[in-house]
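**Q** Could you look at this predicted model? Sequence included:
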Amino acid sequence: MFENLICIDQGLEEDPRIKVMKKEWFEGKNCLDIGCNSGLITITLAKKFGCQKILGIDIDSARIDDAHWNLRNIVKRSELKNRPATKKSKIDGKTNGITSSPEETTSEISESPDSHLFDIVSFRKDNFVQGLSSPGDKVYDTILCLSVSKWIHLNWGDEGLITLFSKVWRLLQPVSVMQ
């Protein structure tokens, strides 16, 4: 019964929840996204606000697979978009054939502006409420928990919510943000 909403926001410019978030909550911060779903918000936060690190966790392994796919796809699209590939060929006057030599073929591959996302964004399948260990066993500057509390309440009741908030409290730095 750990059903998650599969985001269909691939075509949206930006998730509306991102618009109300402040850069200072994420920039240079160590962040945790509980219930990251397909990872699109997690990745967007890393790109837009410059998180130092962000870990997305979800109870649904299919959503974590989607999140890994989305991360690879976003980086790959960025590489293709920013790769000026040119091929220079010349017509050989003697044979009227097209020839090219290594000197005449250039393929400039520039590093994608999003390739650093692999160092910043990570995803893991985890049951935050019943998990034995805390995500990464460290503390976080910002913790997101978007559209998750209702599922926790449905599956684990009031005790699940109490567990959620006590774990979040233990994982937050002294001056931190929970969304």
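**A** Received, thanks.
**Q** Could you use CA atoms for every contact and neighbour count after this?
**A** Will do.
**Q** where does Lys138 land on pLDDT?
**A** Lys138 carries a pLDDT value of 82.
**Q** quick one: least confident helix or strand in the protein?
**A** Lowest by mean pLDDT, DSSP states H and E among the helices and strands of the chain is strand 105-107, with a mean of 39.
**Q** So which bits of the helix ranked longest in the chain are buried?
**A** In the chain, with assignment by DSSP state H, the single longest helix is helix 149-171. Within helix 149-171, the residues that count as buried by 16 or more other CA atoms under 10 Å are 149, 151-152, 160-161, 163-164, 168-169, 171.
**Q** So which residues of the protein form helices?
**A** Ranges of helices within the chain are 16-19, 40-49, 61-81, 117-120, 149-171, based on DSSP H.
**Q** Summarise which helices and strands the fourth one is packed against.
**A** This points to helix 117-120. Applying 3 or more CA pairs under 8 Å, 6 or more residues apart in numbering; DSSP states H and E, one finds that helix 117-120 contacts helix 40-49, strand 53-58, helix 61-81.
**Q** Comparing the ones you listed, which stretch has the densest surroundings?
**A** Among the helices and strands packed on helix 117-120, ranked by average contacts under mean count of other CA atoms under 10 Å, first place goes to strand 53-58 (a mean of 25).
**Q** how far off helix 40-49 does that one point, in degrees?
**A** 170 degrees (axes from the mean of the first three to the mean of the last three CA atoms, to 10 degrees).
**Q** Provide the contact partners of strand 53-58 at residue level.
**A** Contact with strand 53-58 is made by 28-37, 39, 42, 46, 64, 119-128, as judged by CA atoms under 8 Å, 6 or more residues apart in numbering.
**Q** buried subset of the residues you listed?
**A** 29-37, 39, 42, 46, 64, 120-128.
**Q** What about these, which are in strands?
**A** 30-34, 121-125 (DSSP state E).
**Q** of the residues you listed, closest to Trp156?
**A** Set against Trp156, the nearest of those by CA to CA is Ile34 (15.9 Å).
**Q** and the closest one, what does it touch?
**A** Per CA under 8 Å, 6+ apart, neighbours of Ile34: 56-58, 128, 143-146, 148.
**Q** before we move on, what about Asn30?
**A** Neighbours of Asn30 in contact, by CA under 8 Å, 6+ apart: 51-54, 140-142.
**Q** Export these as a markdown table, with columns for distance to Asp15.
**A** Formatted as a markdown table, the contacts of Asn30 follow (distance: CA to CA, whole Å):
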| residue | distance to Asp15 |
| --- | --- |
| Cys51 | 18 |
| Gln52 | 21 |
| Lys53 | 20 |
| Ile54 | 18 |
| Tyr140 | 23 |
| Asp141 | 22 |
| Thr142 | 18 |
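**Q** List only buried entries from those residues.
**A** Judged by 16+ other CA under 10 Å, buried ones among these: 51, 53-54, 140-142.
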